[in-house]
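Asks: just to be clear, the model below is a prediction. Sequence and coordinates:
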Amino acid sequence: MRQSQLFTKTRREAPSDEVSKNAQLLIRAGFVSKEMAGVYDYLPLGLRVMDNIRQIIREEMNAIGGQEVLLSALQDPEIWKMSNRWDDEKVDVWFKTKLKNDSELGLGCTHEEPMARMLREYISSYRDLPRVTYQFQTKFRNELRAKSGIMRGREFLMKDMYSYHRNQEDLDAFYEKAIQAYKNVYERAGIGDKTFVTFASGGMFSKFSHEFQTICDAGEDIIYINDEKGIAVNEEVLQDDILAGLGITRESLREAKSIEVGNIFKYGTRYTSELGVTFKDENGEDQIPVNGAYGIGLGRLMGTVVELLSDEKGIVWPESIAPFKYHLVNAMPNNADAVSYADELYDLLTLRGASVLYDDRDARAGEKFADSDLIGIPYRIVVGKEALEGKTLEVVSRATGEVIRVDREELLPQ
RNA sequence: CGGGCUGUCGUAUACCGGUAGUACGCUUGGUUUGGGACCAUGAUGACUGGGUUCGAUUCCCAGCAGCCCGACCA
């Protein structure tokens, strides 16, 4: 991508109404734009990051047997009435609307009900289980108060996965695999070392749910971490009997603010029973599948990475989710030789499959470097005097500032 | 949903009951060119509605919008 053609530009200052670091940096660098409170647009750079995050999650979910689907955002109230979650008294985040004929519709805030209903069509025998489906979908939640930039919005992209099993043991086994898959996701996204499996309240249907909490001062949650076991408990379940059950003591815990970057639940037969899902076991008896649900908010994950990994100059993307791997910067755009050198290098890199943002703009080097720092692409390749003299290319690591001098041929993939 | 604060060019801000200013960005021309250059030039602004007043962007009321604290987060 030639930066002179890029849809967005950087800004020196963030809008005064954005207080959170993630939104300030993402808006300044041109990744997102605010549409209204809690509603953000993803622009070309931001969408590339989201797509990278999506691909990591997709690979990890596929690896444990997930099958990608895409359910509808518009929701039929009937199935939500079956689980008693249509009433605003029960679920207060609904966006509700109406058809022209006045019948009600909802905009999906989660998808347990439609996914469970779907099973009635495709699951009829124990041989059909387990089944695991997941999707990336825009969720709508009428939050009373949106806040923290892209971290808590009214419309957001979520990966939600649902697993269905013939018995509890099978769910338990899958649940452990899901925990590992989630750990892989956060590890690959660059926040693994700060993310803890956290015991949280499980509601009526299991003792705990599990959250994935990333330590960060911008977080809304408080967790207590046991470093020895690498686990944490949410403050909402910080009770002596629970700690004893987990084999940890109060003294071993350290408190931290954190961001919930994922949450997984075991529902037992809730939803499947409410939606009337059954299957025949080996004896021809009707049974109800047990199910679990597994969620990750992609925007929140992206925002967490920004909160955690940025510095005073801007964002620092891990290579795994960066919008581009290389930022090719022509520091001498006034020099015809430099332009043809950089053009050629850009063409070669692109031809060989490298992802490159090429700053070919007619701007001064200082401005380009400042923008490059702000956007946060992992490796900056600088075309300047040194390159023209046929020596080595200057490659700067955004994360460490380390300057690596490499031979031009060495840089090219293949 | 309760409480508080705020709405001024695209962005950030200033001033003011009587001609709305500055910086960045943008236009045009020129100089400059490895860490957000400079000169000149032009364009662009008072959330909406009502009230008070000779006169309101300014004061008052309502609405709308945004932010913060709390509650909430199935």
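Replies: Thanks, I have the structure now. Numbering: from 1, shown residues only, chains lettered A, B, ... in the order given.
Asks: please enumerate the helices of the stretch 1-150 of chain A.
Replies: Along the stretch 1-150 of chain A, counting by DSSP state H, counting those that start in this stretch, helices occupy A:21-29, A:44-63, A:77-82, A:112-122.
Asks: wait, which of the ones you listed is closest to residue A:311?
Replies: Among these, the nearest to residue A:311 by CB to CB is helix A:21-29 (10.1 Å). For the C-beta atoms, the positions are set from N, CA and C on the backbone; glycine is no exception.
Asks: identify the residue spatially nearest to the residue in chain A that RNA strand B sits nearest to, adjacent ones excluded.
Replies: Nearest residue of chain A to RNA strand B: residue A:384, at 1.3 Å (CB to the nearest atom of the strand). Nearest residue to residue A:384, sequence neighbours excluded (CB to CB, 6 or more residues apart in numbering): residue A:331, at 4.3 Å.
Asks: any weak-confidence spans in chain A?
Replies: By pLDDT under 70, the low-scoring segments of chain A are A:203-205, A:414.
Asks: show me how it divides into domains.
Replies: Per the record, chain A has its domains at A:8-309, A:326-411, by automatic domain parsing.
Asks: would JSON lines of those with mean neighbour count and distance to residue A:2 be doable?
Replies: Putting those into JSON lines (neighbours: other CB atoms under 10 Å; distance: least, CB to CB, whole Å) gives the following:
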{"stretch": "domain A:8-309", "mean neighbour count": "18", "distance to residue A:2": "12"}
{"stretch": "domain A:326-411", "mean neighbour count": "17", "distance to residue A:2": "5"}
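Asks: which of these sits closest to residue A:1?
Replies: Closest to residue A:1 of the domains of chain A is domain A:326-411 (CB to CB; 5.3 Å).
Asks: measure the closest one end to end?
Replies: Length of domain A:326-411, first residue to last, CA to CA, to the nearest Å: 11 Å.
Asks: ok now that domain, how far from the chain's centre?
Replies: How far domain A:326-411 lies from its chain's middle: 29 Å, per CA atoms, centre = their mean, to the nearest Å.
Asks: okay, the helices of the stretch 1-150 of chain A in TSV with distance to residue A:187 next?
Replies: Shown next, in TSV, are the helices of the stretch 1-150 of chain A (distance: least, CB to CB, whole Å):
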stretch	distance to residue A:187
helix A:21-29	20
helix A:44-63	10
helix A:77-82	36
helix A:112-122	27
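Asks: make CSV out of those and add distance to RNA strand B.
Replies: Shown next, in CSV, are these (distance: least, CB to the nearest atom of the strand, whole Å):
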stretch, distance to RNA strand B
helix A:21-29, 7
helix A:44-63, 15
helix A:77-82, 10
helix A:112-122, 7
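Asks: helix or strand right after the strand of greatest length in chain A?
Replies: Longest strand in chain A by number of residues (criterion: DSSP state E): strand A:253-268. Using DSSP states H and E, the helix or strand that follows strand A:253-268 in sequence is strand A:279-280.
Asks: what helices or strands is the longest strand of chain A leaning on?
Replies: If you count contacts as 3 or more CB pairs under 8 Å, 6 or more residues apart in numbering; DSSP states H and E, strand A:253-268 packs onto helix A:168-188, strand A:195-201, strand A:208-215, strand A:221-226, strand A:231-234, strand A:290-297, helix A:298-309.
Asks: just checking: what are the partner strands of that strand?
Replies: Strand pairing for strand A:253-268, using DSSP bridges, gives strand A:208-215 (antiparallel), strand A:221-226 (antiparallel), strand A:290-297 (antiparallel).
Asks: distance to residue A:49 added to these, as TSV?
Replies: Shown next, in TSV, are these (distance: least, CB to CB, whole Å):
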stretch	distance to residue A:49
strand A:208-215	17
strand A:221-226	24
strand A:290-297	14
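Asks: format these as JSON lines; extra columns: distance to RNA strand B.
Replies: Below are the strands paired with strand A:253-268 laid out as JSON lines (distance: least, CB to the nearest atom of the strand, whole Å):
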{"stretch": "strand A:208-215", "distance to RNA strand B": "8"}
{"stretch": "strand A:221-226", "distance to RNA strand B": "7"}
{"stretch": "strand A:290-297", "distance to RNA strand B": "9"}
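Asks: next, the contact list for the closest residue to residue A:134 other than its chain neighbours, please.
Replies: Computed as CB to CB, 6+ apart, the closest residue to residue A:134 that is not its neighbour in sequence is residue A:161, at 3.5 Å. By CB atoms under 8 Å, 6 or more residues apart in numbering, residue A:161 lies in contact with A:61, A:66, A:132-135, A:178, A:293-295.
Asks: try 7 Å this time
Replies: Residue A:161 sits next to A:61, A:66, A:132-134, A:294 when contact means CB atoms under 7 Å, 6 or more residues apart in numbering.
Asks: cool, and residue A:329?
Replies: So residue A:329 contacts A:359, A:368, A:372, A:380-383 (CB under 7 Å, 6+ apart).
Asks: now the spatially most central residue of chain A. Nearest residue, chain neighbours left out?
Replies: Nearest to the centroid of the C-alpha atoms of chain A, with distances taken as CA atoms, centre = their mean, sits residue A:298, at 2.5 Å. Using CB to CB, 6+ apart and skipping the chain neighbours, the partner closest in space to residue A:298 is residue A:157 (4.6 Å).
Asks: now residue A:412. Its backbone dihedrals?
Replies: The phi/psi pair for residue A:412 (degrees, to the nearest 10) reads phi -70, psi 130.
Asks: pretty sure it contacts residue A:348?
Replies: Yes: Residue A:412 sits in contact with residue A:348 when judged by CB atoms under 7 Å, with a separation of 5.8 Å.
Asks: unless I misread the structure, residue A:404 falls within a strand.
Replies: Yes: counting by DSSP: H, G, I helix; E, B strand; the rest coil, residue A:404 is found in a strand.
Asks: quick revisit: which SS class is the residue nearest to residue A:298?
Replies: Here residue A:157 is strand, with the state taken from three-state DSSP.
Asks: bridging across strands, which residues link to it?
Replies: Bridge pairing for residue A:157 - DSSP bridges - gives residue A:138.
Asks: how much space between it and residue A:70?
Replies: Residue A:157 sits at a distance of 12 Å from residue A:70 (criterion: CB to CB, to the nearest Å).
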